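S.K.: Return a 3D structure for these sequence lines:
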Amino acid sequence: MINTSYIFTKCYSSYLKVPVRLVKMVKYLKQDEAIEIDQKLFNKYKFSVDQLMELAGLSCATAVYKCFPPDNFNKVLVLCGPGNNGGDGLVAARHMKLFGYHPEVYYPVCTHKPLYLNLVNQCTMSQVAVSNDFPFNINQYDLLVDALFGFSFKPPVRPNFVPIIDALKNTNKPICSIDVPSGWSVEGIPEDGGINPELLISLTAPKDCAKSFKGKYHYLGGRFVPKELEDEYQLNLPSYPCTECCVKL
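M.R.: Sure thing, here's the model as predicted:
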């Protein structure tokens with residue numbers, strides 16, 4: 001008979017002699033760092049805005065699917081702002097339609113540039129309704145995707161967006177925020193509190209405000225950061241498993 005206790009003791013003793021490798025924590029970005037990294041992706045590494053937006057939006061839709069599958073959260077409202085964060089939301093809505101959701105987009109301030117007009121057209125041609133009329137009751141949806149403000153946002157919230165933020169603060173439905181919970185500053189939360197998402201999908205690297213995130217799920221999305229750029233800013237990003245475009249933090 002094999003003495004399993006001896007084997008365990010020997011293996012355990014050997015294990016104790018192996019040097020422990022310290023795991024570095026992923027870096028949380030300040031606003032100026034986030035802006036600088038974005039500009040390097042565009043100018044030095046020659047990514048286009050629409051290219052990164054497509055990768056980011058796909059990773060957001062994928063993270064939503066992992067946490068809130070369409071069998072239980074089918075009816076979705078995606079709230080999109082006028083900037084790149086809203087563009088990510090438009091892309092995510094289109095992919096969510098392909099994933100089996102029934103998404104609708106609330107887009108109160110449309111950016112009249114070819115990129116954004118094309119994204120809206122892609123949604124409508126994919127049978128995703130896009131409207132600038134705020135729904136009377138957002139609690140009619142199973143799930144809310146917050147793509148209103150990104151890392152360029154600085155409080156306070158503009159008056160025309162206050163009713164939207166108030167509705168998100170008071171909803172009883174789960175919220176999925178893209179990169180930064182809308183109404184939060186990149187480096188903290190508003191003094192009067194803010195929305196409380198259940199899912200936060202950080203893009204490129206988590207922003208400093210993510211340290212205050214109290215929701216259930218935190219994912220990193222957008223598997224596009226070159227290794228050289230990661231090392232330059234000491235981002236210490238986690239490894240994405242297999243072919244995944246998002247990873248749980």
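S.K.: Quick one: residues contacting the most centrally placed residue in the chain.
M.R.: Geometric centre of the chain, nearest residue: residue 201, 2.4 Å, by CA atoms, centre = their mean. With contacts defined as CB atoms under 8 Å, 6 or more residues apart in numbering, residue 201 is in contact with 59-60, 63-64, 176-179, 219-221, 246. (C-beta placed from N, C-alpha, C; glycine too.)
S.K.: For these, pick the one with the most neighbours.
M.R.: Within the contacts of residue 201, most neighbours by other CB atoms under 10 Å means residue 178, with 35 neighbours.
S.K.: how about that one, phi and psi?
M.R.: When quoted as degrees, to the nearest 10, the phi and psi of residue 178 stand at phi -90, psi 110.
S.K.: From residue 201, how far off is the closest residue to it other than its chain neighbours?
M.R.: Nearest residue to residue 178 in three dimensions, chain neighbours excluded: residue 147, at 4.6 Å (CB to CB, 6 or more residues apart in numbering). Taken as CB to CB, to the nearest Å, the spacing of residue 147 relative to residue 201 amounts to 10 Å.
S.K.: what touches both of those two?
M.R.: Taking CB under 8 Å, 6+ apart as the criterion, residue 147 and residue 201 both touch 60, 178.
S.K.: got a pLDDT number for residue 24?
M.R.: For residue 24, the pLDDT comes out at 66.
S.K.: in the helix or strand where residue 130 lies, what counts as buried?
M.R.: Assigning secondary structure by DSSP states H and E places residue 130 in strand 129-131. Across strand 129-131, burial judged by 16 or more other CB atoms under 10 Å covers residue 130.
S.K.: In terms of secondary structure, what does that strand contact?
M.R.: strand 102-106, helix 114-125 (3 or more CB pairs under 8 Å, 6 or more residues apart in numbering; DSSP states H and E).
S.K.: change it to 6 Å
M.R.: Contacts defined by 3 or more CB pairs under 6 Å, 6 or more residues apart in numbering; DSSP states H and E place strand 129-131 against helix 114-125.
S.K.: returning to what we had before: select from the contacts of residue 201 every entry located in strands.
M.R.: Using DSSP state E, the members of those that fall in strands are 176-178, 219-221, 246.
S.K.: okay, these in CSV with distance to residue 190 and pLDDT next?
M.R.: Rendered in CSV, the data for these read as follows (distance: CB to CB, whole Å; pLDDT from 0 to 100):
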residue, distance to residue 190, pLDDT
176, 19, 98
177, 14, 98
178, 18, 98
219, 23, 98
220, 24, 98
221, 24, 97
246, 27, 97
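S.K.: Can you tell me which of these is nearest residue 84?
M.R.: Nearest to residue 84 among those is residue 178, at 10.0 Å by CB to CB.
S.K.: Identify all contacting residues around the biggest helix by length in the chain.
M.R.: Determined from DSSP state H, the single longest helix within the chain is helix 49-67. For helix 49-67, the surrounding residues in contact (CB atoms under 6 Å, 6 or more residues apart in numbering) are 87-88, 91-92, 95-96, 99, 115, 176, 178, 199, 201, 203, 217, 219, 221-222, 224, 245-246.
S.K.: Dump the next helix-or-strand element following it to PDB, keeping only the CA atoms.
M.R.: As assigned by DSSP H and E, the chain's next helix or strand after helix 49-67 is strand 75-80. Output in PDB follows, covering the C-alpha atoms of strand 75-80 (Å, rounded to 0.1, in the frame of the first residue of the first chain):
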ATOM      1  CA  LYS A  75     -35.000  43.300 -22.700                       C
ATOM      2  CA  VAL A  76     -32.100  45.800 -22.500                       C
ATOM      3  CA  LEU A  77     -31.900  49.600 -22.600                       C
ATOM      4  CA  VAL A  78     -28.400  50.900 -23.700                       C
ATOM      5  CA  LEU A  79     -28.000  54.600 -22.700                       C
ATOM      6  CA  CYS A  80     -25.400  56.300 -24.900                       C
END
